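> turn this into a model:
(chains A and B)
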Amino acid sequence: MAKKFYLPFPVIIVLCLFFVPLVIKQSFIIYLLSVSAIYSIVGVGLILLLGYSGQISIGHAAFLGIGAYISALLTIKTGLAFWPALLLSAVGTGVVGFLIGLPALRLHGHYLAIATLGFGVIVPQILLKWEKLTHGFKGLLPPKPKLGSYVFDTDASLYYLNLVIAVILVFMAYNMLRSKTGRALIALKDNDLAAQAMGINIARYRVMAFTISAFYAGVAGSLYAHSVGFISPYDFNLWLSFNFLAMVVIGGLASIEGGIYGALFVVLVPALFGRIKDMPHIIFGVCLFLVIFLMPTGILGIRKKLSSLLVSFGGKNPEVPVKTVLRGRESGNE
Amino acid sequence: MKSGRTFLLIFLSLVLVLTAGCGGQDGKQPQQKKTADVPGVTEDTILVGSWVPMSGPAAAYGAAAKGMDAYFKKVNDEGGVHGRKIKFIYEDDSYQPAKTVAIVKRMVEQDKVFAFCGGLGTSQNMAVQDYLIQHDVPNIAPATGSSMIANPPKKGWFALYTNYYVEGYLKTKFIVENLKAKRIATLVQNDDAGKEGNAGAKEYLKKQNMEYVLELPFNISDLDFSSHILKIKEANADAVSIGSVPKPIALFLKQARDFGLKVPIVCNMAACSTETIKMAGAAAEGAYFFSWRPLIEDVENPKVKRHIEIFKKYYPGEEPSSFTLGGQAYAELFVEGLKRAGKDLTRDKFVQALENMKNWNDGLAHNVTYGPGQRQGQNSLMVVQVKGGKFVPVTGYIEKD
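Prediction:
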């Protein structure tokens, strides 16, 4: 049942998204949607980590920064084309994620939060001090992506690029969650002892979640660097990490859809209120407050209440998503 | 099935609300008469844009926008510039370049601003650099001390205040020429301000065939300077040069006193604020600081008095600060450029007018001079010293030679 109903609708949504630049001519909206697509990739990766494997990362902007710098440096210094640079930055960031995931095995809750917080502080500092490589505070100006002789230099073309890659990654995440890995992750988060008793290798899946999450952030970082067109170590500070965390909590941790809602929220809502003098952050803060207090399951929860349908990533057992919703909230509070 | 629909609903409503808000403004614009199709300029208005952080790590700097706004309002109340009133719009970018880009695109393409004034942050300005140049939108007085704004020179870009590089140069010049120091120790902050300032300082030292006797790095978040101070004493330095923001400077001054370090300590312009004196207390006595404009604490200064009056009139109940004072300096340059550009305003005339500006001293900034290929307005700083818990001028403005 799940499979039959699942496929067509995302396709419709994606098709609609493709028509957006034809309808909306204001380039800043296209640009904002483009950034939303990039943040969605980060969000989906973070939900795989936080919402599914139950591990928190407070320094996620650091992964974005690493991806951005790898891609920018490869294209600027070695003249590598955008596409291999994108892949290498994703893999490189994934490796960093793997290395962070190893010590994270021994840490839970607050301790893991502090460790990843430290990671989020250290990375911008390293980028700043490794001047010979990163140009330090002067930052880098990554070139616009190219495909053959076509240059993605308009907002619409960058939007399509980011959208296509986001769609592919979201699709990959859905598929992965419907596989053995996904079920193992969910089992792990609900109760790691029980999962272990069932024969799930906890260490392996925990590290895997970190690696995949970093891989996603690496892709997003590469897209960020080439879309925004300028990166400096300051751009990947803790503030952005907290924004990412807020993003997935607002969006809803229970399903990777939440990452997309969250990204749209944190990118579009401040832009919407940006013109109300002295108020944008107050209104945004109130929105955050209301979402957290009234809708602990995030935008995803509203969506679920509206449609009164359960997300069918697990397929057969409708109990699983409900639990995940609750668990998602708990791990968010940890 | 419904999950897809609801997704669409949420997504489209967000997009719709966003576009609805913009549509209104688009509709209004054609009704106003435009002069020769200059974006943002009508018979009786000029649209000016800006971005500042009002949230995030640098939220405090956002007050600069209020300083600009108050000054533009004052100019409007006096009849505007050549009969045109200045409409000033600014947005919060949370100090995130990704947001700055969106704000700037919206202002250029939808609101059609004539130019930007006082956009804040180095990364933020760099992120919109190509875009603004491509769309030929002038960017006046970007609020950053980075020398990257003026070097290499860009047609419509006019940096106002003395950059970190020149600051470092002047600071060392003061130490060598006025304090007659031979053995200078320096503490360099690990960021753009610190590194650029140090490069400027080294240019001067090289000219004099001198070198630091000691060069130590530190971080803006450092709380303990005891090892730095002991090393300075060991090196037998006769002056210390340090640059940072109020808190680390105050801590350094306190610890220097506790350890009995008796040499002159020369600090920078970013730390030149009453906050530093308040935190350091008596330890601040005798320390030197720099400033590119009169200090907000100098309430007797007619220019500062004027700012306080203007600011309090348009923002009653809010306190003028060094940030609002800076904001006014940016706006003053902008208005002066508009005045000089004349009645038939175009971007080219505006840029031309600013480019011809020589030794302009009517605003808060000192001796603002531009020229072809010269986009750094001010290259001078004045030195102040803490005496009796107050900043007292030591020298007038010193210039980079």
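
> hey, C-alpha coordinates of stretch B:120-139 in PDB?
Listed next in PDB are the C-alpha coordinates belonging to stretch B:120-139 (Å, rounded to 0.1, in the frame of the first residue of the first chain):
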ATOM      1  CA  LEU B 120      27.300  46.100   7.500                       C
ATOM      2  CA  GLY B 121      30.000  43.400   7.600                       C
ATOM      3  CA  THR B 122      33.000  42.300   5.600                       C
ATOM      4  CA  SER B 123      31.600  38.900   4.400                       C
ATOM      5  CA  GLN B 124      28.200  40.500   3.800                       C
ATOM      6  CA  ASN B 125      29.700  43.200   1.500                       C
ATOM      7  CA  MET B 126      31.900  40.700  -0.300                       C
ATOM      8  CA  ALA B 127      29.000  38.400  -1.000                       C
ATOM      9  CA  VAL B 128      27.000  41.100  -2.800                       C
ATOM     10  CA  GLN B 129      30.000  42.700  -4.500                       C
ATOM     11  CA  ASP B 130      29.700  41.100  -7.900                       C
ATOM     12  CA  TYR B 131      26.000  41.500  -8.000                       C
ATOM     13  CA  LEU B 132      26.000  45.200  -7.100                       C
ATOM     14  CA  ILE B 133      28.800  45.900  -9.600                       C
ATOM     15  CA  GLN B 134      26.900  44.000 -12.300                       C
ATOM     16  CA  HIS B 135      23.700  46.000 -11.600                       C
ATOM     17  CA  ASP B 136      25.700  49.300 -11.300                       C
ATOM     18  CA  VAL B 137      24.300  50.000  -7.900                       C
ATOM     19  CA  PRO B 138      26.500  52.300  -5.800                       C
ATOM     20  CA  ASN B 139      27.500  51.100  -2.300                       C
END
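
> so for it, what gets flagged as buried?
Neighbour-count burial for stretch B:120-139, counted by 16 or more other CB atoms under 10 Å in any protein chain shown, picks out B:120-129, B:132, B:137-139. (Glycine included, C-beta is placed from N, CA and C.)

> tell me the two of the residues you listed that are most distant?
Distance extremes for the buried residues of stretch B:120-139: the farthest pair is B:Ser123 and B:Pro138 at 20.1 Å, using CB to CB.

> for chain A, tell me which of the buried residues of stretch B:120-139 show up nearby.
Contacts with chain A are made by B:122-123, B:126-127, B:129 out of those, judged by CB under 8 Å from any CB of the partner chain.

> which of these fall in helices?
Among these, the members found in helices (DSSP state H) are B:122-123, B:126-127, B:129.

> doesn't B:Lys87 lie inside a strand?
Yes. With DSSP: H, G, I helix; E, B strand; the rest coil as the criterion, B:Lys87 is located in a strand.

> would you confirm that it contacts B:Gly49?
No. Using CB atoms under 8 Å, B:Lys87 makes no contact with B:Gly49, being 9.5 Å away.

> the more surrounded of the two?
Per other CB atoms under 10 Å in any protein chain shown, whichever of B:Lys87 and B:Gly49 has more neighbours is B:Gly49, with 26 against 17.

> host element of that one?
Secondary structure assigned from DSSP states H and E places B:Gly49 in strand B:45-52.

> kindly format the C-alpha coordinates of whatever helix or strand A:Ala195 lives in as PDB.
Assessed by DSSP H and E, A:Ala195 sits inside helix A:192-197. Presented in PDB, the C-alpha positions along helix A:192-197 are these (Å, rounded to 0.1, in the frame of the first residue of the first chain):
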ATOM      1  CA  ASP A 192      19.200   0.700  21.900                       C
ATOM      2  CA  LEU A 193      19.400  -2.200  24.200                       C
ATOM      3  CA  ALA A 194      16.400  -3.900  22.600                       C
ATOM      4  CA  ALA A 195      17.900  -3.200  19.200                       C
ATOM      5  CA  GLN A 196      21.200  -4.700  20.200                       C
ATOM      6  CA  ALA A 197      19.300  -7.800  21.500                       C
END
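
> contacts only, for the nearest residue to A:Val170 once chain neighbours are set aside.
In space, and not counting its chain neighbours, A:Val170 is closest to A:Val44: 5.7 Å by CB to CB, 6 or more residues apart in numbering or on different chains. By CB atoms under 8 Å, 6 or more residues apart in numbering or on different chains, the residues touching A:Val44 are A:169-170, A:173, A:216, A:256, A:259-260.

> end to end, how far does stretch B:102-119 reach?
One end of stretch B:102-119 sits 13 Å from the other (CA to CA, to the nearest Å).

> quick one, strands of chain A?
A:146-147, A:150-151 (DSSP state E).

> which of these sits most buried?
Highest mean neighbour count of those: strand A:146-147, a mean of 14 (counted as mean count of other CB atoms under 10 Å in any protein chain shown).

> please enumerate the helices of the stretch 151-300 of chain A.
Assigned by DSSP state H, counting those that start in this stretch, the helices in the stretch 151-300 of chain A fall at A:155-177, A:180-190, A:192-197, A:202-228, A:238-251, A:257-273, A:280-294, A:298-307.

> same list (those) but as a markdown table, adding mean pLDDT, distance to B:Phe72 and mean neighbour count.
Formatted as a markdown table, these follow (pLDDT from 0 to 100; distance: least, CB to CB, whole Å; neighbours: other CB atoms under 10 Å in any protein chain shown):
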| stretch | mean pLDDT | distance to B:Phe72 | mean neighbour count |
| --- | --- | --- | --- |
| helix A:155-177 | 91 | 30 | 19 |
| helix A:180-190 | 85 | 55 | 19 |
| helix A:192-197 | 84 | 60 | 13 |
| helix A:202-228 | 93 | 30 | 26 |
| helix A:238-251 | 89 | 29 | 24 |
| helix A:257-273 | 85 | 23 | 25 |
| helix A:280-294 | 75 | 20 | 15 |
| helix A:298-307 | 72 | 39 | 21 |
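
> low-confidence stretches in chain B?
Residue ranges of chain B with pLDDT under 70: B:1-36.

> so the residue nearest to the spatial centre of it versus B:Leu295, what's the distance?
The centre of chain B sits closest to B:Ala143, judged by CA atoms, centre = their mean, with a distance of 3.2 Å. As for B:Ala143, its distance to B:Leu295 is 18 Å (criterion: CB to CB, to the nearest Å).
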